[in-house]
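J.: return atomic coordinates for the entry below.
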Amino acid sequence: MQLTLWTYEGPPHVGAMRIATAMKDVHYVLHAPQGDTYADLLFTMIERNAKRPPVTYTTFQARDLGGDTAELFKNAAREAYARFSPKAMMVGSSCTAELIQDDPGGLCKALDLPVPVVALELPSYQRKENWGASETFYQMVRQLADTSVRRAPQTEGESEGETRRPRCNILGPASLGFRHRDDLREITGLLTDMGVDINVTAPLGATPADLARLGDADFNVVLYPEIAMLAASWLKRTFNQPSTRTVPIGSGATRDFIAEVAELAGVDPSGVLANAEARAPWYAKSVDSTYLTSKRVFVFGDATHVVAAARIAAQEMGFTVVGLGTYSREFAREVREAAQLYGVEALISDDYLEVEARIAELQPELVLGSQMERHIAKRLGVPCAVISAPVHVQDFPARYSPQMGFEGANVLFDTWVHPLMMGLEEHLIGMFRGDAEFHEDAAPSHLGGAVTPRAQTVAASAEPAHVLAAEATTAVEAANETLSPAEATWGIDAEKELKKIPFFVRGKAKRNTERFAMDRGVSLITVETLYDAKAHYGR
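T.: Modelled structure (predicted):
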């Protein structure tokens, strides 16, 4: 186990909480010490749920370890059932409680509660949150689905479109998911427009009774493979239900998804495709966004959103994908295959410092990532858009903001492009920073003459100008003597001049200048070096 400031995923019992919180009439009894109850905050403060998660903690303390912690768990389970009257219960241990090996499943079985009890064995020191959510959903489906419930076959002589509409399950949306609620609304509407009925949506909003009738569907729509792929595979083996493989993020993927659903459901997709309202493809080709073409993009997050984002960036936005990666080790193969399409090496890591180093090395002009990449990009001075969990409270907006479907494609265009477009204002201010109105000590321009410019202050201990000039000359001479070409640094005047270059080509100018200086053995980059490099590469 590694101590870290940030983590992309929590322990697997947090994934189990995401399933319990997403469902109805389900309660999770978690054997955990005092201090492991922090997970409530994820749902009430980050996701802003109106009620706390349906979780009961045993919250044993250090002094309890010398007694009977198993009896504490049994009491907690009895009280949880008596108080909440769930239709099904989940039981398990947190990462700390796992060490005392009290076996919550066996203890709850001995209680003989009158509802199904799903025992979760989630190895906290080998697995993480998304795996925990996937395993929990799989165990719930496997134990609660009624294998005797089957979709009635087509009656001979009946026409598919008249008497028997196709029916599907939607699998994957969960609590604390990145825009899951909005995605579900968008895809539900899309399927309904295609003439496909929804049998069960799970785990979000599903009850144990809903899971019991999962078999009464023709096929499954898997929206988030990290959570639903394992359960969908079991449903395929048990009920012979095929599943969709395409995740409808982006205009192109949404059209592919519609075609895939149409084939599984036996419906005509032409009407839905003809009425599609996707403004993003036209915007991406419009005159006022052509300056975005070939911008260097780095993509990082969960596997589903990374693979989808890379496709959108390359095929729909005209960006150049210079790097991509994921913290989802279970889907490393899919991400590596996607990386091969763009000629880059995939980064499979859950160490944010390694991700930061790769971003600094590649020097992209836009980062598409999680909340952590937002912080990294801010430190590096690079625009960033969040496309994946982990996320902060601002990524659970009150407005409707899906990532999937045609409306999701529009949202993605705005989210990705605006950080680049809005940066133009900062660039213009930077270009005219020396003017009377815009220099750093000027009063805010919107106040006009009402406020006088702030007076520049000079430290009392400041040296005379000729002394400062002599010290600067000495520093330049010392740098030229001690630095190797590979360690070329930027002079102060050169850095100021570099900032005058438009931000969307500044990275390229910086890289070209450093390469020019290294080839010619220049240790200290000056304004003259910058312009010499510009003239060299402008030939």
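
J.: confidence score at the residue nearest the centre of the chain?
T.: Nearest residue to the geometric centre of the chain (C-alpha atoms, centre = their mean): residue 388, 0.9 Å. At residue 388, the model reports a pLDDT of 94.

J.: pop out the phi and psi values for it.
T.: Backbone torsions for residue 388, taken as degrees, to the nearest 10, come to phi -160, psi 160.

J.: list the contacts of it.
T.: Residues in contact with residue 388 (C-beta atoms under 8 Å, 6 or more residues apart in numbering) are 178, 300, 301, 302, 305, 306, 309, 369, 370. The way it works is simple: take the backbone N, C-alpha and C, and place the C-beta from them, glycine included.

J.: may I see these organised as CSV, with secondary structure added?
T.: Below are the contacts of residue 388 laid out as CSV (DSSP: H, G, I helix; E, B strand; the rest coil):
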residue, secondary structure
178, coil
300, strand
301, strand
302, coil
305, helix
306, helix
309, helix
369, strand
370, coil
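
J.: and those residues, which two are the farthest apart?
T.: The span of those, defined through C-beta to C-beta, is set by 178 and 300 at 13.6 Å.

J.: after the helix or strand bottoming out on mean pLDDT in the chain, next one along is what?
T.: None of the helices or strands of the chain scores lower by mean pLDDT, DSSP states H and E than helix 465-482, at a mean of 50. Next in sequence after helix 465-482, counting helices and strands by DSSP states H and E, comes strand 489-490.

J.: helices and strands around that following strand, which ones?
T.: strand 524-525 (3 or more C-beta pairs under 8 Å, 6 or more residues apart in numbering; DSSP states H and E).

J.: ok, the strand it packs on: who's next to it in the sheet?
T.: Strand 524-525 pairs in its sheet with strand 489-490 (parallel), by DSSP bridges.

J.: check which element follows the strand it pairs with along the chain.
T.: For strand 489-490, the succeeding helix or strand toward the C-terminus, using DSSP H and E, is helix 492-498.

J.: and that following helix, how far out from the chain middle?
T.: In terms of C-alpha atoms, centre = their mean, to the nearest Å, the centre of helix 492-498 is found 36 Å from the chain centre.

J.: for stretch 43-58, same thing?
T.: For stretch 43-58, the distance to the chain centre is 21 Å (C-alpha atoms, centre = their mean).

J.: ditto for stretch 313-321
T.: That offset, for stretch 313-321, works out to 18 Å (C-alpha atoms, centre = their mean).

J.: and stretch 517-531, by the same measure?
T.: Centroid displacement of stretch 517-531 relative to its chain, using C-alpha atoms, centre = their mean, is 40 Å.

J.: that stretch: which residues count as buried?
T.: Across stretch 517-531, burial judged by 16 or more other C-beta atoms under 10 Å covers 517, 518, 522, 523, 524, 525, 526, 529, 530.

J.: what sits against the nearest residue to residue 87 once chain neighbours are set aside?
T.: Spatially, and ignoring its direct neighbours in sequence, residue 87 is nearest to residue 25 (4.0 Å; C-beta to C-beta, 6 or more residues apart in numbering). Contact analysis of residue 25 by C-beta under 8 Å, 6+ apart lists 86, 87, 88, 207, 208, 209.

J.: once you drop chain neighbours, what's closest to residue 271?
T.: Closest residue in space to residue 271, ignoring its immediate chain neighbours: residue 193 at 7.7 Å, by C-beta to C-beta, 6+ apart.

J.: separation between that neighbour and residue 524?
T.: 64 Å (C-beta to C-beta, to the nearest Å).

J.: what's the answer for residue 209, then?
T.: Separation of residue 209 from residue 524 (C-beta to C-beta) stands at 73 Å.

J.: in the stretch 351-500 of the chain, which spans are strands?
T.: Assigned strands in the stretch 351-500 of the chain, in chain order: 366-369, 384-386, 489-490 (criterion: DSSP state E, counting those that start in this stretch).

J.: so where do the strands sit in the protein?
T.: Ranges of strands within the chain are 26-31, 55-57, 88-93, 117-119, 167-171, 197-202, 219-222, 296-301, 320-326, 346-348, 366-369, 384-386, 489-490, 524-525, based on DSSP state E.

J.: format these as TSV; extra columns: distance to residue 153.
T.: Listed next are these as TSV, based on distance: least, C-beta to C-beta, whole Å:
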stretch	distance to residue 153
strand 26-31	32
strand 55-57	42
strand 88-93	30
strand 117-119	31
strand 167-171	13
strand 197-202	16
strand 219-222	14
strand 296-301	42
strand 320-326	41
strand 346-348	44
strand 366-369	45
strand 384-386	46
strand 489-490	73
strand 524-525	75
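
J.: could you list the low-confidence segments of this protein?
T.: Where the chain drops to pLDDT under 70, the residues are 1-5, 61-68, 97, 154-163, 284-285, 287-291, 422-487, 503-504, 539.

J.: next, the distance between the ends of stretch 85-100.
T.: From its first residue to its last, stretch 85-100 covers 28 Å (C-alpha to C-alpha, to the nearest Å).

J.: check the offset of that stretch from the chain's centre.
T.: On the basis of C-alpha atoms, centre = their mean, stretch 85-100 sits 27 Å off its chain's mean C-alpha point.

J.: and residue 514, what does it touch?
T.: Residue 514 sits next to 488, 525 when contact means C-beta under 8 Å, 6+ apart.

J.: make residue 1 into 112 and carry on from there
T.: In the new numbering, first residue 112, that becomes residue 625.

J.: measure it to residue 471 for me?
T.: For residue 625, the distance to residue 471 equals 14 Å [C-beta to C-beta].

J.: same deal with residue 415?
T.: For residue 415, the distance to residue 471 - C-beta to C-beta - is 26 Å.

J.: also residue 222?
T.: 55 Å.

J.: sorry, back to before: so between residue 289 and residue 411, which is more surrounded?
T.: Set residue 289 next to residue 411 and count neighbours by other C-beta atoms under 10 Å: residue 411 wins out with 29 against 22.

J.: so that one bridges to which residues?
T.: For residue 411, the beta-bridge partners under DSSP bridges are residue 436.

J.: surely it and residue 432 touch.
T.: No. If you go by C-beta atoms under 8 Å, residue 411 and residue 432 don't touch, sitting 11.4 Å apart.

J.: residue 361 is in contact with residue 425, isn't it?
T.: No. In this structure residue 361 lies outside contact range of residue 425 using C-beta under 8 Å: 10.5 Å.

J.: which one's more surrounded, these two?
T.: When residue 361 and residue 425 are compared for neighbours, residue 361 comes out ahead with 29 against 16, by other C-beta under 10 Å.

J.: how about that one, what does it touch?
T.: 419, 422, 423, 427, 519, 520, 523.

J.: in helices, which of those appear?
T.: Among the contacts of residue 361, the members falling in helices (DSSP state H) are 419, 422, 519, 520, 523.

J.: what's the burial count for the third one?
T.: The tally of other residues near residue 519 (other C-beta under 10 Å) stands at 26.

J.: residue 462 too?
T.: Applying other C-beta under 10 Å, we find 15 residues neighbouring residue 462.
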